[in-house]
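Novice: starting from these lines, generate the structure:
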Amino acid sequence: MTPGVATRLFRTFTSPFRPAAPSFTAFERAVLEAVMGELDPPLRARFARRLAAVTRIRRADGGRQVGVYQKLKGRIVFPDETRLTAADGDVLLARFTMISRRTLSALQGQVWLSDGNLSRLSFTQPTEHVQCDDIHRISAKLDGGFAAMRGPPAAGLV
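Specialist: Presented below is the predicted three-dimensional model:
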């Protein structure tokens, strides 16, 4: 086993025991802002409230997976007031592409919801060496399935 593979395996297995990060990185925030820009204004406000309510961010596999949590009284919660859809379970919200001068900073990925709330970002490769200064553009596109089922953000969520 090569040293790089052994290190990745070790980090993957020990990630649940490492403390969660206190905030998003600059490029994670840029991705989320690009996705937010694609949402209708009422859904954009709900998404912004969810981002503000996040209390834990956990990165695994070199930042390839970024889990986003809101904890209240020691429990992970998915509040109705920050739901983007009434669909339960995992729903793909958007796909994104980061255009960069450096190969390590050029990424694609997805933004996922769980029970209607932002829950994770998935990148095509590890993000631990991404340099935000190298990124030219981030484009985001809402998933067709999500776009088809999003509804009014009031009590009558679809």
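
Novice: the longest strand in the protein is where?
Specialist: strand 90-100 (DSSP state E).

Novice: can you list contacts of it?
Specialist: Applying CB atoms under 8 Å, 6 or more residues apart in numbering, the contact partners of strand 90-100 are 27, 31, 34-35, 38, 84-85, 105-114, 116, 118-119, 130, 134-143, 145-146, 149. For glycine as for every other residue, the C-beta is placed from the backbone atoms N, C-alpha and C.

Novice: what residues sit buried inside the very next helix or strand once past that strand?
Specialist: Note on strand 90-100: by DSSP states H and E, the next helix or strand toward the C-terminus is strand 107-114. Neighbour-count burial for strand 107-114, counted by 16 or more other CB atoms under 10 Å, picks out 107, 109, 110, 111, 112, 113, 114.

Novice: export those as JSON lines, with columns for distance to residue 64 and pLDDT.
Specialist: Below are these laid out as JSON lines (distance: CB to CB, whole Å; pLDDT from 0 to 100):
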{"residue": "107", "distance to residue 64": "9", "pLDDT": "86"}
{"residue": "109", "distance to residue 64": "9", "pLDDT": "96"}
{"residue": "110", "distance to residue 64": "11", "pLDDT": "97"}
{"residue": "111", "distance to residue 64": "14", "pLDDT": "97"}
{"residue": "112", "distance to residue 64": "13", "pLDDT": "97"}
{"residue": "113", "distance to residue 64": "19", "pLDDT": "95"}
{"residue": "114", "distance to residue 64": "18", "pLDDT": "94"}
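
Novice: between those residues, which is nearest residue 62?
Specialist: Set against residue 62, the nearest of these by CB to CB is residue 107 (11.8 Å).
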